[in-house]
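**Student:** Please find the sequence and the predicted model below.
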There are 4 protein chains.
Amino acid sequence: MLSFENDYSCAAAPEILAALNETQAEQFPGYGSDRLCASAKARIRTACDAPDADVWFLVGGTQTNQTVIDAITPPYAGVIAATSGHVNVHEAGAIEASGHKVLTLPQHNGRIDADELDRYCATFYADANYEHMVFPGAVYISQCTEYGTMYAKAELERIADVAHRHGMPLFVDGARLGYALTAKGNDVSLADLARIADVFYIGGTKVGALFGEAVVFTHHGSLSNTPRHFLTLIKQHGALLAKGWLLGLQFDTLFTDDLYLRIARRANVAAERIREALTDRGYTLTFDAPTNQIFITVDKATRARLESRVRLGFMEQADADHDVIRICTSWSTTDEQVDQLLDLL
Amino acid sequence: MLSFENDYSCAAAPEILAALNETQAEQFPGYGSDRLCASAKARIRTACDAPDADVWFLVGGTQTNQTVIDAITPPYAGVIAATSGHVNVHEAGAIEASGHKVLTLPQHNGRIDADELDRYCATFYADANYEHMVFPGAVYISQCTEYGTMYAKAELERIADVAHRHGMPLFVDGARLGYALTAKGNDVSLADLARIADVFYIGGTKVGALFGEAVVFTHHGSLSNTPRHFLTLIKQHGALLAKGWLLGLQFDTLFTDDLYLRIARRANVAAERIREALTDRGYTLTFDAPTNQIFITVDKATRARLESRVRLGFMEQADADHDVIRICTSWSTTDEQVDQLLDLL
Amino acid sequence: MLSFENDYSCAAAPEILAALNETQAEQFPGYGSDRLCASAKARIRTACDAPDADVWFLVGGTQTNQTVIDAITPPYAGVIAATSGHVNVHEAGAIEASGHKVLTLPQHNGRIDADELDRYCATFYADANYEHMVFPGAVYISQCTEYGTMYAKAELERIADVAHRHGMPLFVDGARLGYALTAKGNDVSLADLARIADVFYIGGTKVGALFGEAVVFTHHGSLSNTPRHFLTLIKQHGALLAKGWLLGLQFDTLFTDDLYLRIARRANVAAERIREALTDRGYTLTFDAPTNQIFITVDKATRARLESRVRLGFMEQADADHDVIRICTSWSTTDEQVDQLLDLL
Amino acid sequence: MLSFENDYSCAAAPEILAALNETQAEQFPGYGSDRLCASAKARIRTACDAPDADVWFLVGGTQTNQTVIDAITPPYAGVIAATSGHVNVHEAGAIEASGHKVLTLPQHNGRIDADELDRYCATFYADANYEHMVFPGAVYISQCTEYGTMYAKAELERIADVAHRHGMPLFVDGARLGYALTAKGNDVSLADLARIADVFYIGGTKVGALFGEAVVFTHHGSLSNTPRHFLTLIKQHGALLAKGWLLGLQFDTLFTDDLYLRIARRANVAAERIREALTDRGYTLTFDAPTNQIFITVDKATRARLESRVRLGFMEQADADHDVIRICTSWSTTDEQVDQLLDLL
């Protein structure tokens, strides 16, 4: 059946499989100490215009969030996230399992607000009992968000500013970063992100890799902010891949000739076509979002009709009569698949 | 200075100190395996009309919440609590430090609502992605609540019913249980609690003991619901008192001749006098609550005036011009102290 | 440079890459709910002669050990392992990070002894203070062991018997299981393992897969011993692969036409040639072991000479003048590589 | 029955009960922010000749070990202890429950050896795979040890020196510190300890208090080594006593007129009498130790005879025919009790 269920349903960009096929007979040292990881890191530093950034490769998103947040959040503190943040909702308690509370802020179409963040911290420190409470210790946001929306550069700068004023690093979950970087209206480049955030990751799993997330600690060298013995922390979280070069190979390929951006853009173009069709035909877009995830609020009959012909994601019940469902394009979505979908709408 | 700051500012009921003085020369075996603990447990079982209940003594409230919740909540699950619940707000992340998320429901004057609890669970299990989420694994409520309010018996029964229907035990934090049991309008006895809840504790620290909380697992014997090797779990949480008989001695005394209820009642009587005076003089009571904690919403000038003459607790800013402050009576509050306070209001 | 450094230095068996290339355009549902996982599970159940076994796929060894041990070990208990066990030495504290102590038994060429295990438990329960101690809660062994040695079937049965008598499940780390199954003198089949152990895993990362470990809970169906909501526990440990079918694809391929055993056997044949040459030339084999890891005790000069020509693993200093180094063959070792190595010895 | 079972079987020194009786009507602020805690801290700083030391009061030993070790040991590290160390054997896995491995060194009559500590660390950092292992992150020793033995000042200095050279703080468990400070042959004063160790605690529970341990971080002021937000960490571990002044009151009393040392000395004098009698009568002392714990190796018949007349502690089976049992004196042991015991031996 036609599927617009998610952006991780196909294997990988052909360039990655080609690179994999080519290295089949080669022997690599383990755990990321290989030439492909070195090359991929160099390319990512260049793409981020951050020659001192420290780059690490992990396998998946929840794993990366758990490992990074546990490493950057003090033991007396929690991590601030939107109520809709992936770490708060869809990671089976991975953050709490490593000992930290997720402190929530209201979500505004998936985004947190810098003023509300500031007020949260001000209220916390003004509370006479704050030493009996969980300190705000780090800020987690997603770009693009779980609802497909994005932060503008000025918003990111304000959030980072507030976070830093209250002694917190800003961590950006970029599981779908490619789709944000290439969305219409986006004004945040990789270099901006490396300048503004303290740590972020470039998602591979959902943007053309078999798997893999590239974590970037942005203040390396004399200002390194990589947690001490981070390799050991990765290992302790069960997140160190023996054949680390497989991650290096994929990111080396994705960051050659802008492959990462080129394939991500495809998903946005496809989403744009679908959004236009949906609007033309009177569908209700749940969020005003420019990336590869389209949420629509439909009645039960429409949902049933669509789901009988195409695999989609169910998000939540909107009210007794309506559901929110997701149409998700990806780097692998073809024009033909979009045509087929448009025929069904 | 006069103090109505909290209910744990005085040492202990004279009867407890007397008992302590009397046992000064006696040698007891350690860790709760002594005659005083045995006697206290028997008295508590009788008071609860629960001959098969399993009773344990711990030192403090946060410690008890952490140890019990960690023991009764499955590893894939969190504990449901009101947003205002002590475990959610004022325990420095003790629950999360032991690996469990606190899943919050709206608070209604400190209480959760059985229907909202039901809806929360129904929504959870209806979510196509629930296996990626934190399961609801136990329900935590406080009697009386953090705002001095109480659950009626019928409400407790409904909450227990919903909890059990979704496979969760109901845990009642009774840090201030004495004040609930003796409040005007209360219809919940210890026996009711032992029948309705799966585990609860009888607070000593705030009701006349030097320290100590008596945990009651209500289905002992052939139906025991005490977590396996609970003594070891207590030890592992750093919560096993070497001189366990000190806890036995205190609860044995508190449950002799109804001392626990008698001293708790005193605090409610004092609070009642204060509430009447406050109402007479036009103060705004923040909550309609019958126990020993009185919250008033006052303007800044009133707050400053009061705090210059009596130690009170600050709760939170109500708005730009008003604060919520707490007047707390206790088992040790004297008529003279109340008189002095009324002169100041 | 020639490398006998480890058994995870090459990508994957050609059959796996071929399968991957073929599915490039196909869309799969996520998280292991796909046809390839279903097929791979069926093949593994057949290979184990265990129609009711419950099979799960994880990415790496440390991750699998952490997730399984945390799930099968009670909260008041630790996991018993040889002092040389991977979980005790080389997992950066992953077991302790999830809250469990590793309780160690002496290693005998990498193996634990059933009688010592029995004595350990008997001594534990005979200790008057055992409730203040960490209970023995699960038994961890490796087949083949970290030193390349193996357990005979009768030994495994005795260990399982002792474990069960003391209420513990037996967990077998099979990161290199293929090399044990195909070693000279081995008498333990997959079906034996599924009958004897409570849970074990079939290592892919070191035996021809890009990555992946297949966990087998052996008493499924009415006797299922899979931990409750194991999918959620996997997710919580950051171990749930989005593109789960990549794991299914690999194990489906490995368990087609005995590929897993065929490629594993190759490593043992190569190791056998090397061991014979080493013996002929007077080298000291550190352990008497029949699988793909060969440890030799050499003087510093010999070590330096060898390491200048071939990448090997360093294990430890034997004494002031001697080191133990490892020559590791793998499923990908060629006759030419062995020839080259023999020229260098 | 006569009891020499342990040193925590009696309530508290009469001076402490007297002080408690006197403060019965007084109201104190909570959580240690009271005048008695302030006074006790000042007295302890004076006794330690450490005007900048930072003093905290906790309730019990396991709780203190768990809270301090978790706070001073980096997340990628474990704590080094003797195999016989309390944290390794008798705390039900409290250290591992907070995420840290206990790394063991051989015990020599309960003590670790500075050279072995040095070798352990040197070997660790020389291991090519050390980043996959648990770092040595802190050193835990007990003074006196679990076997009643002591470290001489020169040994402590060497251990501290080695620990610091490898970047680790030295933590001294002083649950029975009073008995060490007043033992025959002791050359380590409180001031020495405050100079040599990074953090230690002065045990109250086993030396005359109802309960309580005073933790001393020794480099306060501009060199403070107190973990950040330590109050919050205490709370998070369930270890913050609401009526903190009860701890202040006890330590204030114990450190007035040298009460702590005076009552501790009594236990040693009693133990000395018993040891002499034991030697005279041909008993085998298991350890050569000068403090209040006496271990004797006896045959089964002797053990049975003694235990029928006096409560003693069982330590372990020495061999098939012999057991090690403990005779423990305390601050409360009277001459009459010793006379009675000598009659029984």
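**Tutor:** Thanks, I have it.
**Student:** going forward, measure contacts between C-alpha atoms and count neighbours the same way
**Tutor:** Noted.
**Student:** buried set for stretch A:52-61?
**Tutor:** A:52-61 (16 or more other C-alpha atoms under 10 Å in any protein chain shown).
**Student:** Equivalent analysis for stretch A:184-202, please.
**Tutor:** A:186, A:188-190, A:192-202.
**Student:** In which helix or strand does residue A:331 reside?
**Tutor:** Assessed by DSSP states H and E, residue A:331 sits outside every helix and strand.
**Student:** That one contacts residue A:266, correct?
**Tutor:** Yes - here residue A:331 lies in contact with residue A:266, judged by C-alpha atoms under 8 Å, at a distance of 5.8 Å.
**Student:** between these two, which one's more packed in?
**Tutor:** Taking neighbours as other C-alpha atoms under 10 Å in any protein chain shown, residue A:331 and residue A:266 compare with residue A:331 leading, 28 against 21.
**Student:** give me every residue that touches that one.
**Tutor:** Applying C-alpha atoms under 8 Å, 6 or more residues apart in numbering or on different chains, we find residue A:331 in contact with A:7, A:207-208, A:263-267.
**Student:** Residue A:170 too?
**Tutor:** So residue A:170 contacts A:138-141, A:160, A:163-164, A:197-199 (C-alpha under 8 Å, 6+ apart).
**Student:** next one: residue A:314
**Tutor:** A:323-326, B:128.
**Student:** swap the cut-off to 10 Å and go again
**Tutor:** By C-alpha atoms under 10 Å, 6 or more residues apart in numbering or on different chains, the contact list for residue A:314 reads A:5, A:295, A:303, A:307, A:323-327, B:127-129.
**Student:** And residue A:210, how far from chain C?
**Tutor:** Distance, residue A:210 to chain C, using C-alpha to the nearest C-alpha, to the nearest Å: 7 Å.
**Student:** and residue A:79, how far is that from chain D?
**Tutor:** 16 Å.
**Student:** mean confidence score for the helix or strand that residue falls within?
**Tutor:** If you go by DSSP H and E, residue A:79 is part of strand A:77-82. On average, the pLDDT along strand A:77-82 is 98.
**Student:** what sits against residue A:109?
**Tutor:** A:82, A:84, A:145-150, A:286-289.
**Student:** my bad, residue A:212
**Tutor:** A:57-61, A:64, A:175, A:202-206, A:246-248, A:250-251.
**Student:** tell me the SS of residue A:276?
**Tutor:** Three-state call for residue A:276 (DSSP: H, G, I helix; E, B strand; the rest coil): helix.
**Student:** How much space separates it from residue C:218?
**Tutor:** Distance of residue A:276 to residue C:218, computed by C-alpha to C-alpha, to the nearest Å: 52 Å.
**Student:** Tell me which of the two has more neighbours.
**Tutor:** Remark: of residue A:276 and residue C:218, residue C:218 carries more neighbours, 26 against 12, as counted by other C-alpha under 10 Å.
**Student:** Does that one touch residue C:172 like I think?
**Tutor:** No - using C-alpha atoms under 10 Å as the test, residue C:218 is too far from residue C:172 to be in contact (11.5 Å).
**Student:** What is the burial count for residue A:118?
**Tutor:** 18.
**Student:** so it, which of the three states?
**Tutor:** helix.
**Student:** got the contact list for it?
**Tutor:** Here residue A:118 is in contact with A:124, A:158-159, A:161-163, A:165-166 (criterion: C-alpha under 10 Å, 6+ apart).
**Student:** and of those residues, the nearest to chain C?
**Tutor:** residue A:163 (26.3 Å; C-alpha to the nearest C-alpha).
**Student:** Let's verify the closest one: helix, strand, or coil?
**Tutor:** Relying on three-state DSSP, one would call residue A:163 helix.
**Student:** quick one on the thing from earlier: looking at the contacts of residue A:314, spot the one nearest chain D.
**Tutor:** The closest of these, once distances to chain D are taken by C-alpha to the nearest C-alpha, is residue B:129, at 29.5 Å.
**Student:** Looks like the closest one contacts residue B:135 (just checking).
**Tutor:** No - counting by C-alpha under 10 Å, residue B:129 stays clear of residue B:135, with 11.2 Å between them.
**Student:** Neighbour count: those two, which is higher?
**Tutor:** More neighbours surround residue B:135 than the other of residue B:129 and residue B:135, with 25 against 14 (other C-alpha under 10 Å).
**Student:** so the more buried one bridges to which residues?
**Tutor:** residue B:77 (DSSP bridges).
**Student:** Now for it: which residues touch it?
**Tutor:** Counting by C-alpha under 10 Å, 6+ apart, residue B:135 has contacts A:92-93, B:73-80, B:101, B:103, B:121, B:124-125, C:229, C:232.
**Student:** Which members of the residues you listed are classed as buried?
**Tutor:** So, by 16+ other C-alpha under 10 Å, the buried ones in these are A:92-93, B:73-80, B:101, B:103, B:121, B:124-125, C:232.
**Student:** about what we covered before: now for the strand holding residue A:79, which elements pack on it?
**Tutor:** The elements that strand A:77-82 packs onto, with contact taken as 3 or more C-alpha pairs under 10 Å, 6 or more residues apart in numbering or on different chains; DSSP states H and E, are helix A:61-72, helix A:86-89, helix A:94-97, strand A:102-105, helix A:114-126, strand A:135-142, strand A:170-173.
**Student:** what's the most buried one of the ones you listed?
**Tutor:** Comparing the helices and strands packed on strand A:77-82 by mean neighbour count (mean count of other C-alpha atoms under 10 Å in any protein chain shown), helix A:94-97 comes out on top with a mean of 28.
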